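*Asks:* Here is my input, please return the structure:
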Amino acid sequence: MENIKPIVELELYLIRHGQSMGNAGYDKDELTLKESNDPLLTEKGMIQADLVGRCLSMTDFDYIYSSGLIRAISTADGILRHQNSSKPLNILPVLSEVGISPEYDGITVEEMKEFCKTACLAQGISKDDPRVCHSTFENEAEIFDRAKSVMDYLHSRHTSGEKVAIVAHAAFLTILIFHIMGFEEAPAFDISIQNTGVTKVIFYKEGTNKYGDTVFEYINDTGHLE
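*Replies:* Numbers count the residues shown, from 1 in each chain. This is a model prediction of the structure:
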């Protein structure tokens, strides 16, 4: 093992969106369906998105994915603005947050472009697929299945050491991390993922890394906010 050179298949960055109006709390009593399911970033959230973008500017991402929800798209745009070249934002609806109302249809790709001009549907996703993942009635097993589908999607497309960023949501990212750790259901502990917290995971070709095929370099890094 000591003489085998570690081979990186995927370098994955999991990023929570910046502070949204939903995180900060609305001032009015009654919310529209869109406001409750798909809130905008606050001014603080926009600053956080810019800061995490600056922090990650030295990482030349090969692919950047986001859910189809505005707070994630806007945060991903903050990251893209600090990349060395213009890149598409790949919208992957399965990255949506847990608990989205089945009555909320999301926004169109053209509307997404108002928040990130390079937004487009990810490879393999057609315009007929749901723009958001309607998850209100998901149970825990179904959320874990959704997390598995995300990793299956990534591992089927990125095996040559690509640097990939995913911008998504706290509850779903937590389940995704648990799935990567090998859990099939939520363990007896939780993970705190703060706004724009970054988790970095490296996937190695099987048997080439003496510390294991999957290595978490850090979880919920918010040093850029300091």
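
*Asks:* Could you pull out the buried residues of stretch 163-173?
*Replies:* Of the residues in stretch 163-173, 163, 164, 165, 166, 167, 168, 169, 170, 172, 173 count as buried by neighbour count, 16 or more other Cβ atoms under 10 Å. For every residue, glycine as well, the C-beta is placed using N, CA and C.

*Asks:* go on, stretch 102-122?
*Replies:* The neighbour-count check on stretch 102-122 (16+ other Cβ under 10 Å) flags 104, 106, 107, 112, 115, 116, 119, 121, 122 as buried.

*Asks:* Would you check how far apart residue 200 and residue 9 are?
*Replies:* According to Cβ to Cβ, to the nearest Å, residue 200 stands 15 Å off from residue 9.

*Asks:* Could you do residue 86 as well?
*Replies:* Here the criterion is Cβ to Cβ. By it, residue 86 lies 26 Å from residue 9.

*Asks:* Can you pick out the residue with more neighbours from those two?
*Replies:* Each of residue 86 and residue 9 has its neighbours counted (other Cβ atoms under 10 Å); residue 9 has more, 18 against 9.

*Asks:* low-confidence ranges in this structure?
*Replies:* Filtered on pLDDT under 70, the chain yields the residue ranges 1-3, 27-29.

*Asks:* give me that answer again for 90
*Replies:* Residues of the chain that meet the criterion pLDDT under 90 lie in 1-4, 25-31, 127-131, 133-137, 226.

*Asks:* Helices of this protein, residue ranges please.
*Replies:* 21-24, 33-37, 43-55, 70-80, 109-112, 140-157, 170-181 (DSSP state H).

*Asks:* Would you reformat the buried residues of stretch 102-122 as JSON lines and include distance to residue 42?
*Replies:* As requested, the buried residues of stretch 102-122 are exported to JSON lines (distance: Cβ to Cβ, whole Å):
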{"residue": "104", "distance to residue 42": "20"}
{"residue": "106", "distance to residue 42": "21"}
{"residue": "107", "distance to residue 42": "19"}
{"residue": "112", "distance to residue 42": "19"}
{"residue": "115", "distance to residue 42": "14"}
{"residue": "116", "distance to residue 42": "18"}
{"residue": "119", "distance to residue 42": "21"}
{"residue": "121", "distance to residue 42": "27"}
{"residue": "122", "distance to residue 42": "27"}
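
*Asks:* Would you check how far apart the closest residue to residue 54 other than its chain neighbours and residue 224 are?
*Replies:* For residue 54, ignoring the flanking residues on the chain, the nearest one in space by Cβ to Cβ, 6 or more residues apart in numbering is residue 82 at 5.4 Å. Taking Cβ to Cβ as the measure, residue 82 falls 11 Å from residue 224.
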